[in-house]
Every structure is written in C-alpha cells, then in structure tokens.
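Participant: quick one, fold the following:
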Amino acid sequence: MFPQFPQPKMIAELINLSTKVNETQCRLMLAGCAYQMNMHYSPAWGEVPLGVNYFGSSMDDVNKVPSNRATVLLMDNSDAEQGVLGYHTELADKLVVKVFVQPVLDAGGSVLGDPNNLSQYCVSSTLSHELLELAGDPYVNWWADGPSTTQGSQYSFELCDPVEGTQYAVSVSDPDSAGRAAHVIVSDFVLSSWFDPQSTKGPWSYCNSAPGPFQLAPNSYMVVRSGGPGTEQQIFADRATYPQWKLDTKKSKLSRTYKRGIVNV
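Facilitator: Got it, this is the predicted structure:
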C-alpha cells in the first residue's frame, strides 16, 4: 500500500505540456519524486516535505493553479532560450518552475532513466533535482558560510548541484500494469551535514557521493562567493569533463545558476 504522507509545507502542481512525455510517464515521475521527497528528503533533513501533484496537461490549466501553490511546467523546449534545461522564476507572487525535455533527449537521455545505467541522463532526475532545490531554497537567495577558498567562503544553498552527477532508482507502482513496480531515476542530494564544516563522519549526501562537507561529487559543481552580489564564481569537480550541453543549459537569465549571480557560464 502506498504510504500516507504528512501535510506538505508547500504544494507544487505539475502541468505536462511536453509531447515527449506521456501521461503514464508523467505520473510515474511524480510518484518517484513524491516518494523521494517523503521517504528520503524529509527524514534526512527533518523537514516537512514539498507536496507534488499532477494538475493537468493543457495551457488552460496553467491559470487554474491556486495562487498559493507553485507551478511546475514540463515542456519540450525552453520558451526563453534554446538548450536550457530548466529554470525558476516568480510571476505575480507565484513560484514557477519549468523543466525542458528535449535537451535531455538530445544528449542521449531518456524520460524515466535506466536503473542498469545510472550514468544516463533522464528527465525524471532533472525534475527531481528541480523539486528538491525548490523545497530547499524556493527563492534562490540562501547562502551558507563554509571554508575559505580563493573563490570565497559563502556557498549557495543548493541541495543537488554539488552531487548532481549521481542518480539512484526508486520503485513506484505503474498505473498501467495492475500495480507492477516501475523504476524511476531521481537525483542525489546533499544532507545538512554537507553544510557543517566541522562534520567528520559521513554520509554527506543521500547516496554518499560527496567526499566531505562543502566538497563536490564527480561531475558536479557549486557556486561560491567572497562577499556580496557580483563576487560569485562557479567551482567544478572537473570542468574538463563537465558536459558542454549541461553548461549551455545554465546560460538562461532565468536559471538558478544565473540567479546565483553567474553571468558568464
């Protein structure tokens, strides 16, 4: 039986406008993200989880989302700049998150991912990443004090960026197969211990991919600053191996990376 989850602190309503993701896949992604949010993120952080619901599949549904709920749009391509993977914005005091499918598919990815190939990019992990960071810092303006480096000592409060190269599978019920289990790939996320410079015992991320506090897992990055706005810099685990297509997705002025102050990706 699917577990009963607590009352969420915020609700995000997903509207599927993508022609590349069918309704069954959309509902499976949401089920996987809801399971992760409630069974993994919430206990790990001691936080009331973000609620995620399926709201509809048409543009008419966009204006029907209640003003006190976040809107999450699944779309084929960016309506702002081509190649963008997703972004957060705020319209009329309503949080809006957009996730774009085509860049993932163009990079050889899939919708739900493959539990036997966790290095494959997938839309479900991207959605998981965006929802976790929406829960962790919905207005993209929190920073944490950490170790001093040449780039600075204030670290962006992003839950997935430092471990974004790591994914894992959750099992949920497939609505089209009489309750048979289906695998959905979701993103790793850092734990509160990652933001504790005195922490000596891991894990520092859910999948134990982070090597220590304020340290990056492979194929990941973070934003650090030395003072106020204008001093932000990106740090990569290995810039040479970081996929160019993912760098290109961070160029939109509406992306979380840009909102953190990174203008030149």
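Participant: CA atoms for contacts and neighbours, from now on please.
Facilitator: OK.
Participant: where does the prediction get shaky in this protein?
Facilitator: Low-confidence segments of the chain, defined by pLDDT under 70, are located at 1-8, 79-89, 91-92, 176-178, 248-265.
Participant: what ranges do the helices span in it?
Facilitator: All helices of the chain, identified by DSSP state H, fall at 23-36, 42-45, 59-62, 102-106, 123-136, 244-248, 256-259.
Participant: adding mean neighbour count and distance to residue 174, write those helices out as TSV.
Facilitator: Shown next, in TSV, are these (neighbours: other Cα atoms under 10 Å; distance: least, Cα to Cα, whole Å):
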stretch	mean neighbour count	distance to residue 174
helix 23-36	21	7
helix 42-45	14	23
helix 59-62	13	25
helix 102-106	20	22
helix 123-136	24	15
helix 244-248	14	30
helix 256-259	20	32
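Participant: between those helices, which one is closest to residue 150.
Facilitator: With Cα to Cα, the closest approach to residue 150 among these belongs to helix 256-259: 19.7 Å.
Participant: returning to what we had before: of all the helices of the chain, which one is nearest residue 201?
Facilitator: Each of the helices of the chain was scored for nearness to residue 201 using Cα to Cα, and the closest is helix 42-45 (15.0 Å).
Participant: now do the contacts for residue 9.
Facilitator: 48-51 (Cα atoms under 8 Å, 6 or more residues apart in numbering).
Participant: same question, residue 199
Facilitator: For residue 199, the contacting residues are 193, 212-213, by Cα under 8 Å, 6+ apart.
Participant: which of these has the most neighbours?
Facilitator: Among the contacts of residue 199, the one with the most neighbours (other Cα atoms under 10 Å) is residue 213, at 24 neighbours.
Participant: what's the burial count for residue 233?
Facilitator: For residue 233, the neighbour count with other Cα under 10 Å is 20.
Participant: for the remainder of this discussion, apply numbering that starts at 47.
Facilitator: With the count now opening at 47, the last piece we talked about shows up as residue 279.
Participant: related to what we said a few turns ago, with distance to residue 154 added, can I get the contacts of residue 245 in JSON lines?
Facilitator: Below are these laid out as JSON lines (distance: Cα to Cα, whole Å):
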{"residue": "239", "distance to residue 154": "34"}
{"residue": "258", "distance to residue 154": "31"}
{"residue": "259", "distance to residue 154": "32"}
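Participant: check the offset of stretch 73-81 from the chain's centre.
Facilitator: Stretch 73-81 sits 13 Å away from the centroid of its parent chain (Cα atoms, centre = their mean, to the nearest Å).
Participant: oh, that last question was meant for stretch 212-232, not what I typed.
Facilitator: The chain centroid and the centroid of stretch 212-232 are separated by 18 Å, computed with Cα atoms, centre = their mean.
Participant: got the contact list for that stretch?
Facilitator: For stretch 212-232, the surrounding residues in contact (Cα under 8 Å, 6+ apart) are 70, 74-75, 77-79, 81-82, 158-161, 164-165, 168, 170-175, 233-234, 253, 255, 263-264.
Participant: kindly recompute the last result at 6 Å.
Facilitator: By Cα atoms under 6 Å, 6 or more residues apart in numbering, the residues outside stretch 212-232 that reach it are 78, 158-159, 161, 170-171, 174, 233-234.
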